[in-house]
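J.: Sequence and predicted model, in that order:
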Amino acid sequence: DIDRLDAIVAMAPVIPVLLFDDPESAVEIGRALVRGGLPVLEITLRTPAALDCLTACKAIEGAVVGAGTVLDIDQLTAAVACGAEFLVSPGASPKLIHAAEGSPVPLLPGVATAGEAMTLAEHGYRRMKFFPAEPAGGAEYLKALSSPLPHLRFCPTGGITLEKAPKYLALPNVMCVGGSWVVPADAVKARDWARIETLAREAAALARP
Ligand code: 3PG
């Protein structure tokens, strides 16, 4: 559902990409991000506790919680069952695209080339993750896709920082950016939620597309 996805990505210029190890700190981090102005949380399914963390974060007032790194139908089904409000994948396989067709929750599938974007467009997608943004060619590369593919909008993710975000957010085909920089591992280790809130506040203040 493109309208639902557009409403979610319009909530903030940055979607934090999160790797959570336990529900208790996940909720603390999620709260700090929401306080800082980043309500859309992408919880990646890369840790054993990810689904429990997703469930726990659903209780955070003001948060919109989605699942990232959704690779197959089992992960898609599990994330939807836990209440994920959106799904993100690093790429799009035919099986995943097929599974997403029956999903009640919108999928933001990953692409890195014009051909992949065209394949997804054939399946009705107009919103995609551009991944891995920096290694794949950065803002210059993504900008070059905008004239042949003007109907598509991207959320670039991968290697983006507060400093690199503005050049993406200035592009006509970018709707927001994703990144893990707002939750540094050392801040999590130190349980420094105030620092995460500050990083979120800086990210939330970036000019929106
Ligand atoms: C992702 O899953 O989108 C990336 O791992 C996030 O990239 P980053 O850690 O470089 O921000």
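T.: Right, received. Where do you want to start?

J.: May I see the buried residues of the longest helix that the chain contains?
T.: Criterion DSSP state H: the longest helix present in the chain is helix 23-36. By neighbour count with 16 or more other C-beta atoms under 10 Å, helix 23-36 contains the buried residues 23, 25-36. From N, CA and C alone the C-beta is placed, and that goes for glycine too.

J.: the strands in the chain, which residues?
T.: 14-18, 40-44, 64-68, 87-88, 107-108, 110-111, 127-130, 153-156, 177-179 (DSSP state E).

J.: ok, which residues in the protein are in contact with the ligand?
T.: With the criterion set to C-beta under 6 Å from any ligand atom, the chain comes near the ligand through 17, 44, 68-69, 131, 157-160, 178-181.

J.: mind listing what Glu202 touches?
T.: By C-beta atoms under 8 Å, 6 or more residues apart in numbering, the residues touching Glu202 are Leu162.

J.: For the ligand, see how far away it is.
T.: Distance from Glu202 to the ligand, counting by C-beta to the nearest ligand atom, to the nearest Å: 15 Å.

J.: returning to what we had before: pLDDT averaged over the longest helix of the chain, what's the number?
T.: Looking at helix 23-36 alone, the average pLDDT works out to 98.

J.: tell me the angle of the lowest-mean-pLDDT helix or strand in the chain relative to strand 64-68?
T.: Lowest on mean pLDDT, DSSP states H and E among the helices and strands of the chain sits helix 2-9, with a mean of 93. Helix 2-9 and strand 64-68 are oriented at 100 degrees to each other (axes from the mean of the first three to the mean of the last three C-alpha atoms, to 10 degrees).

J.: what packs against helix 2-9?
T.: With contacts defined as 3 or more C-beta pairs under 8 Å, 6 or more residues apart in numbering; DSSP states H and E, helix 2-9 has these neighbours: strand 127-130.

J.: let's go with 10 Å and repeat that
T.: strand 64-68, strand 107-108, strand 127-130, strand 153-156 (3 or more C-beta pairs under 10 Å, 6 or more residues apart in numbering; DSSP states H and E).

J.: residues in contact with it?
T.: 1, 15, 39-40, 64, 66, 85-87, 104-108, 124-127, 153, 155, 175-176, 178, 208-209 (C-beta atoms under 10 Å, 6 or more residues apart in numbering).
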